[in-house]
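[1] Here is a sequence together with a model predicted from it:
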Amino acid sequence: MKSALITGVTGQDGPYLAQLLISKGYKVFGTFRRVSTPNFWRLQALGIIDKITLIPADLTDMASLLEAVTISNPDEIYNLAAQSFVESSFDQPLLTADVDGSSTTKFLEIIRHLKKDIKFYQASTSELYGTVVESPQNEKTPFVPNSPYAAAKLYAFHISRIYRHSYGIFATNGILFNHESPLRGLEFVTRKISNAVARIKLGLQNDLLLGNIEAKRDWGYAPEYVEGMWRILQHDKPEDFVIATGETHSVKEFLEAAFSEMSLNWEDYVKTDKNLMRPMDVPLLCGDASKVKEKLGWEPQTKFKELVSIMVKSDLEKWKKHLAGEMFPWDAPNFAGDRAFIKRRN
Ligand code: NAP
Ligand code: F7E
């Protein structure tokens, strides 16, 4: 039986990947952060919390990572844990550098010294492209990062490549474009919108504050993207792959689709606030996933409109259940909401 260690198993991608690996017969270990209020709602929502072995570990603590690898003795490590919110990386640039950058070297060093045949997946990102120099972006497009998050992930990208070539470690980068789902964190724009649309429809909220609604992203469906991660590690040699849909849409288009799903007009509810604009943003992303299609047979299935519909319907269903007094694992009722976080930057 193969064994896999997933870091960040409490995030959006971790539970979907764990579910996939369990279905393939893996023994799955996942790391979580020891915090005052545990964040297991996604694992509970997918019904897999009892099917994986949870190990407390923090990417800033080398000892805990060493212990996680020792306990799990994995064939594959999927390094998904990260401070993944681009906006926060401007507020916590050093923490982001440590968590999203240096921690990758910690794992690569552990592999180098402990068990050199562990296959390593690094969660790289389309944010690396930043100010894009060509469109669509593929594995050969130059990286021009536009945030501390992207700068940290760029370090992680290169250190994985360097250990691959220097020490023969099976270290790979999945350059994943934005992928969303009902398990997406509430701070990210798609889920922020789907959650707000559901609440507005049910009379629980009056408006929605957003930042740069002109930004364009290549949004795919997360459960399909984790399958791409797995395929990358099953390839006969370690390589880097773009995973994307090849379509790009603006936040405004997402708004139109999400509000019209509930027969509402977004312009009646949405306001923009300059406090939600980033010091630097990424204006446009559109991925070219032809390499992964050709070499690994991976292709996206869920189109933009369907993705929006899945997310809005899921949030509507959850708010309805909540109003009916039903208890179930879910993030929204405990979320402080934007206004609590809005602050002015110099
Ligand atoms: P996510 O929902 O933000 O999950 C991040 C996970 O990392 C959570 O489990 C979080 O734990 C954990 N984590 C954060 N800081 C940590 C630390 N110091 N030590 C240990 N664990 C820590 O992210 P995601 O959307 O699943 O994305 C997975 C990975 O892919 C991330 O590396 C992200 O940067 C990258 N990525 C994501 C996308 C996307 O569109 N989703 C695209 C490209 C790349 P808590 O639950 O305790 O917060
Ligand atoms: O922003 C704009 C914002 O925070 C998307 C992470 O998973 O994908 C994600 O990063 C766009 C940006 O995702 C709001 O300015 C407007 O242009 O949903 P987001 P992201 O920054 O693209 C990449 C691939 C990752 O690797 C990251 O880990 O939407 N936008 N108004 C807003 N964004 C947010 N969050 N909130 C707003 O109110």
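    Here it is on my side, so go on. Ligands and ions are numbered 1, 2, ... in the order given.
[2] in stretch 104-124, what's buried?
    104-112, 118-124 (16 or more other CB atoms under 10 Å). Where you see a C-beta, it was placed from the backbone N, CA and C, and this is true even at glycine.
[3] before we move on, what about stretch 238-246?
    Those would be Pro238, Glu239, Asp240, Phe241, Val242, Ile243, Ala244, Thr245, Gly246, for stretch 238-246 by 16+ other CB under 10 Å.
[4] The second one reaches Thr172, doesn't it?
    Pointing back at Glu239 there. Yes. Between Glu239 and Thr172 there is a contact under CB atoms under 8 Å: 6.3 Å.
[5] which residues does the closest residue in space to Asn265 that isn't next to it in sequence contact?
    Residue nearest to Asn265 in three dimensions, not counting chain neighbours: Phe259, with 6.2 Å by CB to CB, 6 or more residues apart in numbering. Phe259 makes contact with Val197, Asn265, Trp266, Tyr269, according to CB atoms under 8 Å, 6 or more residues apart in numbering.
[6] Just the buried ones from the residues you listed?
    The buried subset of the contacts of Phe259 - by 16+ other CB under 10 Å - is Val197, Trp266, Tyr269.
[7] which neighbours do Glu239 and Thr172 share?
    Shared contacts of Glu239 and Thr172, defined by CB under 8 Å, 6+ apart, comprise Ile232.
[8] which intervals of this protein have sub-threshold pLDDT?
    Scanning the chain for pLDDT under 70 picks out 336-346.
[9] Would you mind giving the domain segments of it?
    3-179+219-243, 185-218+249-283+302-340 (automatic domain parsing).
[10] Now do the longest one: distance to the chain's middle.
    By that I understand domain 3-179+219-243. 9 Å (CA atoms, centre = their mean, to the nearest Å).
[11] So which residues lie in contact with the helix or strand harbouring Gly174, not counting its own?
    Using DSSP states H and E, Gly174 sits in strand 171-176. Identification of contacts with strand 171-176 by CB under 8 Å, 6+ apart yields 108, 111, 119-126, 128, 139, 157, 160-161, 163-164, 225, 228-229, 232-233, 235, 238-244, 287.
[12] how about the very next helix or strand once past that strand against ligand 1, any contact?
    Going down the chain from strand 171-176, the next helix or strand is strand 179-180, by DSSP H and E. Yes. Strand 179-180 comes into contact with ligand 1 (CB under 6 Å from any ligand atom), by way of His179.
[13] about what we covered before: out of the contacts of strand 171-176, just show me the ones up against ligand 1, please.
    Near ligand 1, by the rule CB under 6 Å from any ligand atom, you find Ala123, Thr125 out of the contacts of strand 171-176.
[14] Restricted to strands, list the contacts of strand 171-176.
    Lys119, Phe120, Tyr121, Gln122, Ala123, Ser124, Thr125, Phe241, Val242, Ile243 (DSSP state E).
[15] As TSV, those residues with distance to Thr70 would be great.
    Output for these, formatted as TSV (distance: CB to CB, whole Å):
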residue	distance to Thr70
Lys119	17
Phe120	16
Tyr121	19
Gln122	20
Ala123	22
Ser124	26
Thr125	29
Phe241	29
Val242	33
Ile243	31
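[16] Tell me who's in contact with the residue nearest to Trp330 when sequence neighbours are not counted.
    Nearest residue to Trp330 in three dimensions, chain neighbours excluded: Lys318, at 5.5 Å (CB to CB, 6+ apart). Applying CB under 8 Å, 6+ apart, we find Lys318 in contact with Ala198, Phe328, Trp330, Ala332.
[17] Many thanks, we can stop here.
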